[in-house]
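> coords please:
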Amino acid sequence: MGTITENIRSISSSLPPSVKLVAVSKTKPASSIEEAYAAGQRIFGENRVQEMEEKYGLLPKDIEWHLIGHLQSNKVKYIAPFVSLIHAVDDEKLLETIDKEGRKNNRVIDCLIQIHIAAEETKFGFTEEEVESFLLSGRWKHLKNVRICGLMGMATFTEDTAQIQHEFHGLSTFFQRMQQGVMSEHPEFNQLSIGMSGDYPIAIQEGSTLVRVGSAIFGDRH
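Numbers count the residues shown, from 1 in each chain. Next up is the predicted model:
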């Protein structure tokens with residue numbers, strides 16, 4: 001395991017230009033984020049609202065903060081003033097809350113819709129059928145302070161790379177179908193957030209535009 005700087009540079013140089021690195025800094029101190037920042041990293045992912053809010057207060061203001069974990073509606077107000085992208089919108093009411101808080105802050109908040117692709121029951125997310133129905137319904141079009149920018153998914157936690165590839169491929173295929181179909185007049189619908197430290201090379205093969213990498217940069221979480 002190299003230093004944070006070495007890891008950032010190594011991973012960044014291996015990514016195609018179409019893929020952005022989200023450095024997952026959850027549970028890591030501000031000093032670790034500062035080291036990654038000094039190495040040129042500007043996008044950081046957190047899964048806890050309170051932790052992200054605290055780090056936002058301490059760190060440079062040109063950082064793009066991505067909320068990558070499950071988000072409760074009553075916590076949206078704390079990050080609405082500054083969050084750059086919410087990866088895991090898994091409920092229609094949550095989208096409405098994000099829109100309401102975006103309006104209060106005079107911001108349009110970028111969001112990804114989370115789709116459940118894993119074999120485990122514990123992961124959150126819509127089914128593909130639910131997302132297609134929601135997008136076709138047009139109910140989201142009245143949400144003027146939310147921008148739906150794409151989809152997010154988490155593969156099954158397994159050593160079976162064939163299963164991971166199968167799950168990523170299925171989501172990527174669905175993403176492309178939505179992009180070319182119901183969302184074809186919405187060029188902002190162009191982000192696919194799949195892939196983490198253990199499987200991001202597979203995700204890139206399957207068309208990921210955002211990879212969420214934590215332990216491969218910062219080391220294991222304690």
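
> what residue ranges in the protein score low on pLDDT?
122-123, 222 (pLDDT under 70).

> number of residues surrounding residue 29?
12 (other CB atoms under 10 Å). The C-beta positions use only the backbone N, C-alpha and C, and glycine is treated the same way.

> same thing with residue 97?
21.

> please name the residues that touch it.
73, 76 (CB atoms under 8 Å, 6 or more residues apart in numbering).

> host element of it?
helix 92-104 (DSSP states H and E).

> tell me the buried residues in that helix?
In terms of neighbour count (16 or more other CB atoms under 10 Å), helix 92-104 has its buried residues at 92, 94, 95, 96, 97, 98, 99, 100, 101, 102, 103.

> over to stretch 213-222?
For stretch 213-222, by 16+ other CB under 10 Å, it's 213, 214, 216, 217, 218.

> in helices, which of those appear?
Among the buried residues of stretch 213-222, the residues falling in helices (DSSP state H) are 216, 217, 218.

> so what's the gap between stretch 168-180 and the chain middle?
16 Å (CA atoms, centre = their mean, to the nearest Å).

> do the same with stretch 69-86
Using CA atoms, centre = their mean, the offset of stretch 69-86 from its chain centre is 12 Å.

> can you tell me what sits against that stretch?
For stretch 69-86, using CB under 8 Å, 6+ apart, the contacting residues are 26, 43, 46-50, 52-53, 56, 64-67, 88-91, 93-94, 97-98, 101-102, 104-105, 107, 109-112, 124, 149, 191.

> now do the same end-to-end measure for that stretch.
9 Å (CA to CA, to the nearest Å).

> next one: stretch 109-125
19 Å.

> list the buried ones in that stretch?
Under the neighbour-count rule (16+ other CB under 10 Å), stretch 109-125 has 109-118, 123-125 buried.

> all set now, cheers.
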